[in-house]
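K.L.:
I need the structure of the sequence given here:
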Amino acid sequence: MVVVKHSYFRGKDMGITIYANSCDIVPLLPPAVDLTNNERTVLQFTRGLKPSYAGIKNYRFHKATRKTGITLDEWEAAKSDLIAKKLLNKRGAITADGRNALE
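P.N.:
Numbering: from 1, shown residues only. Predicted coordinates for the structure are as follows:
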């Protein structure tokens, strides 16, 4: 049994909440995706940042390289692999599957 609640607050749609027993819902979840460290880095920075900011193109890469030391070649290779896995779309934006692949 699953209970689905659709709620509104002050006229704003707050979305749905699904209540289920964890034993029943776990088999319905998609399998975990194996990601390399570089792929995980690309997904995290793609999910959290805009592609450009304050006149800096490829802002996600610049922030990632400061924090993790990833090189441009590693970034591009991981990005290509994520596009092939359909975790990023062809333009480099994160997909729903890409969001779900991160914890």
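K.L.:
rest of the way, CA atoms for contacts and neighbours
P.N.:
Fine.
K.L.:
tell me which strands and helices the helix or strand hosting F45 is in contact with?
P.N.:
Element membership for F45 (DSSP states H and E) is helix 37-48. Counting contacts by 3 or more C-alpha pairs under 8 Å, 6 or more residues apart in numbering; DSSP states H and E, helix 37-48 is packed against helix 59-68, helix 72-84, helix 96-101.
K.L.:
Residues contacting that helix, please?
P.N.:
Residues from elsewhere that reach helix 37-48 (C-alpha atoms under 8 Å, 6 or more residues apart in numbering): 60-61, 63-64, 68, 70, 74-75, 78-79, 81-82, 93-94, 98-99, 102.
K.L.:
pLDDT of that helix, averaged?
P.N.:
Over the span of helix 37-48, the pLDDT mean works out to 94.
K.L.:
Tell me what angle it forms with helix 72-84.
P.N.:
Helix 37-48 and helix 72-84 are oriented at 70 degrees to each other (axes from the mean of the first three to the mean of the last three C-alpha atoms, to 10 degrees).
K.L.:
Can I get the helix or strand of the chain with the lowest mean pLDDT as PDB, trimmed to CA atoms?
P.N.:
Least confident helix or strand of the chain, by mean pLDDT, DSSP states H and E, is helix 22-25 with a mean of 83. Extracted as PDB, the C-alpha positions of helix 22-25 are listed here (Å, rounded to 0.1, in the frame of the first residue of the first chain):
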ATOM      1  CA  SER A  22      10.600   1.000   3.100                       C
ATOM      2  CA  CYS A  23      10.500  -2.800   2.500                       C
ATOM      3  CA  ASP A  24       7.900  -2.300  -0.200                       C
ATOM      4  CA  ILE A  25       9.500   0.800  -1.900                       C
END
